[in-house]
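[1] quick one, what's the 3D model for this:
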Amino acid sequence: MCLCLRTTLSFRLSFLPVRLQGQGAPFRSVGRTYSDRTKPTDKTSEKQHDCPENEEYGFTRRRSDYWPKADIQSLPPNLRPQSNETLDLILRQKVYLIQSRKGYRVNTDAHMLAYFASERFIAVKGKYMTKPLRVLDLGAGVGLVSILFAKAHKPGALCLIELQEQLVRRAKINLMLNDLKGNVMEFDIENGDLPYCLHGRFDVVLINPPFYAPCNHRKPPQRREKYLAHVETSASILDFLVAACSACDPTNEEAFVALIHDKSEYARVEPVIARSGMYLHRYQEMCHVSGTAPTRVLLELKPETYFRHLPPVWRESYSISEVRVPSKTQSEAFKILAWEPLILHRDDESQKYCDPIEKFLEDLPVPSLRIGRSREP
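    Sure, this is the predicted structure:
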């Protein structure tokens with residue numbers, strides 16, 4: 001279903017978040033959680049849950065975690081989670097995130113994409129970035145990918161595009177909770193459409209799209225919010241890539257698109273890349289632990305603005321192939337990289353990620369907002 005643009009198309013590169021202060025009280029264990037008292041629904045309710053005085057909010061999903069009522073009430077009303085939402089402090093207590101209790105919830109894909117894009121940006125940021133970094137997030141969901149990347153690199157302009165109205169609202173709140181400036185737009189990129197004011201404006205484009213075509217998803221989610229996040233509806237993967245290509249700054253040779261996708265869908269995605277006006281520059285598979293089959297692919301794509309005659313890249317092993325490509329500014333060998341797989345965990349029992357990912361999370365700044373504390377180690 002095509003949603004109309006419900007925000008002005010004048011491109012406001014940033015908006016001021018509400019700055020919040022205050023020290024939260026420690027958690028206290030109680031006998032029942034918020035979910036025991038409230039029957040969650042998938043329908044967004046504007047009414048705040050009316051909790052009896054002196055009771056505590058179990059606004060996280062884990063039964064061991066509680067937000068004291070005073071901490072939740074210290075937030076402005078527009079930043080408080082609603083009765084069908086949770087407020088979580090995640091990823092080594094570096095990110096606050098409001099998300100649906102039973103609808104769309106973030107998973108590992110978001111922070112793996114942010115890590116992948118961050119590694120690529122670190123490699124080039126000292127070479128060609130002569131002005132503030134500009135970042136676009138297509139299919140932003142509740143904003144976690146943008147939040148992680150922005151915390152790491154502090155872009156001068158941050159724009160998020162999302163189809164679903166309720167996710168747009170949560171993304172706006174999540175930016176403010178994490179003290180970040182950005183513009184969140186509700187927009188459908190059907191047919192690769194993008195607001196004209198966004199064309200050619202960005203150095204980095206992040207994409208965590210719906211992975212599955214309707215005919216390919218064996219067991220589609222029953223809840224509409226989750227279905228739209230996982231299954232292609234109005235916009236296909238080609239539409240996402242066409243929109244991303246048009247968003248890249250044609251004057252910046254280092255502009256790139258970072259994409260994560262399901263490994264089982266890559267055979268469908270790979271032929272679409274060239275049709276979108278881009279080529280594959282870097283390929284990396286993601287495995288849960290060493291020796292297991294890859295479940296995701298991470299792709300770095302670049303517009304063909306400077307490289308018009310790049311042949312298709314086909315790989316059967318992890319290797320580095322070298323292709324000579326004509327450039328407007330130089331004639332040299334460009335490497336098309338297939339990186340070693342990204343291993344998430346050392347073993348099945350480990351609660352920590354591999355060292356590079358742990359360092360990425362460790363280096364993120366601690367939120368200035370403090371509203372209680374998590375039991376996450």
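
[2] any low-confidence regions in the protein?
    Flagging of the chain using pLDDT under 70 yields the residue ranges 1-65, 127-129, 216-218, 225, 306-337, 372-377.

[3] domain map for it?
    34-100, 108-362 (automatic domain parsing).

[4] between the ones you listed, which gets nearest to Ser368?
    Taking C-beta to C-beta, domain 108-362 is the member of these nearest to Ser368, at 5.2 Å. Just so you know, the C-beta spots here come from the backbone N, C-alpha and C atoms, and that holds for glycine as well.

[5] before we move on, the earlier item: how about TSV for the domains of the chain, with mean neighbour count and distance to Ile371 added?
    Listed next are these as TSV, based on neighbours: other C-beta atoms under 10 Å; distance: least, C-beta to C-beta, whole Å:
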stretch	mean neighbour count	distance to Ile371
domain 34-100	17	4
domain 108-362	18	9
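
[6] from memory Gly139 sits against Ile237, does it?
    No. Assessed by C-beta atoms under 8 Å, Gly139 is found out of contact with Ile237, at 10.4 Å.

[7] give me the common contacts of these two.
    Pro209 (C-beta atoms under 8 Å, 6 or more residues apart in numbering).

[8] now stretch 287-294, how far from the chain's geometric center?
    22 Å (C-alpha atoms, centre = their mean, to the nearest Å).

[9] do stretch 256-273 as well
    Its chain's average C-alpha position is 16 Å from that of stretch 256-273, according to C-alpha atoms, centre = their mean.

[10] for the domains of the chain, which one sits closest to Arg370?
    Relative to Arg370, the nearest member of these by C-beta to C-beta is domain 34-100, separated by 8.9 Å.

[11] show me where this structure has its helices.
    With DSSP state H as the criterion, the chain has helices at 34-37, 69-73, 108-128, 144-153, 165-177, 224-230, 237-247, 266-275, 355-362.

[12] out of those, the one nearest Leu369 is which?
    When the helices of the chain are compared by C-beta to C-beta, helix 165-177 sits nearest Leu369, at 6.2 Å.

[13] redo the helices of the chain as a markdown table? Include distance to Asn183.
    Shown next, in a markdown table, are the helices of the chain (distance: least, C-beta to C-beta, whole Å):
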| stretch | distance to Asn183 |
| --- | --- |
| helix 34-37 | 32 |
| helix 69-73 | 27 |
| helix 108-128 | 19 |
| helix 144-153 | 11 |
| helix 165-177 | 9 |
| helix 224-230 | 21 |
| helix 237-247 | 13 |
| helix 266-275 | 28 |
| helix 355-362 | 25 |
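
[14] out of those helices, which comes closest to Tyr212?
    Comparing those by C-beta to C-beta, helix 224-230 comes nearest, at 6.2 Å.

[15] who touches the closest one?
    Here helix 224-230 makes contact (C-beta under 8 Å, 6+ apart) with 42, 100, 103-104, 141, 163-164, 166-167, 210-212, 217, 220-221.

[16] so who does Gln284 touch?
    Applying C-beta under 8 Å, 6+ apart, we find Gln284 in contact with 116, 297-299, 338-342.

[17] same check, this time on Ile207
    113, 137-139, 240-241, 244, 257-260.

[18] report the central residue of the chain.
    Val145 (2.5 Å; C-alpha atoms, centre = their mean).

[19] can I get the contacts of Ile207 in JSON lines including distance to His281?
    Listed next are those as JSON lines, based on distance: C-beta to C-beta, whole Å:
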{"residue": "Leu113", "distance to His281": "16"}
{"residue": "Asp137", "distance to His281": "20"}
{"residue": "Leu138", "distance to His281": "18"}
{"residue": "Gly139", "distance to His281": "21"}
{"residue": "Phe240", "distance to His281": "17"}
{"residue": "Leu241", "distance to His281": "13"}
{"residue": "Ala244", "distance to His281": "13"}
{"residue": "Val257", "distance to His281": "9"}
{"residue": "Ala258", "distance to His281": "10"}
{"residue": "Leu259", "distance to His281": "11"}
{"residue": "Ile260", "distance to His281": "15"}
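
[20] re earlier: Leu194 is nearest to which of the helices of the chain?
    It's helix 237-247; of the helices of the chain, that one is closest to Leu194 (C-beta to C-beta) at 4.5 Å.

[21] so the closest one versus helix 266-275, what angle?
    Using axes from the mean of the first three to the mean of the last three C-alpha atoms, to 10 degrees, the direction of helix 237-247 lies 40 degrees away from that of helix 266-275.

[22] hmm, who's touching helix 237-247?
    Identification of contacts with helix 237-247 by C-beta under 8 Å, 6+ apart yields 136, 138-139, 189-194, 198-202, 205, 207, 209, 257, 259, 261, 268-269, 272-273, 275-278, 301, 303.

[23] could you list which of the residues you listed belong to strands?
    136, 138, 205, 207, 257, 259, 261, 278, 301, 303 (DSSP state E).

[24] dump those to TSV, plus distance to Asn178.
    Formatted as TSV, these follow (distance: C-beta to C-beta, whole Å):
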residue	distance to Asn178
Leu136	18
Leu138	20
Val205	21
Ile207	21
Val257	24
Leu259	23
His261	26
Met278	30
Leu301	27
Pro303	30
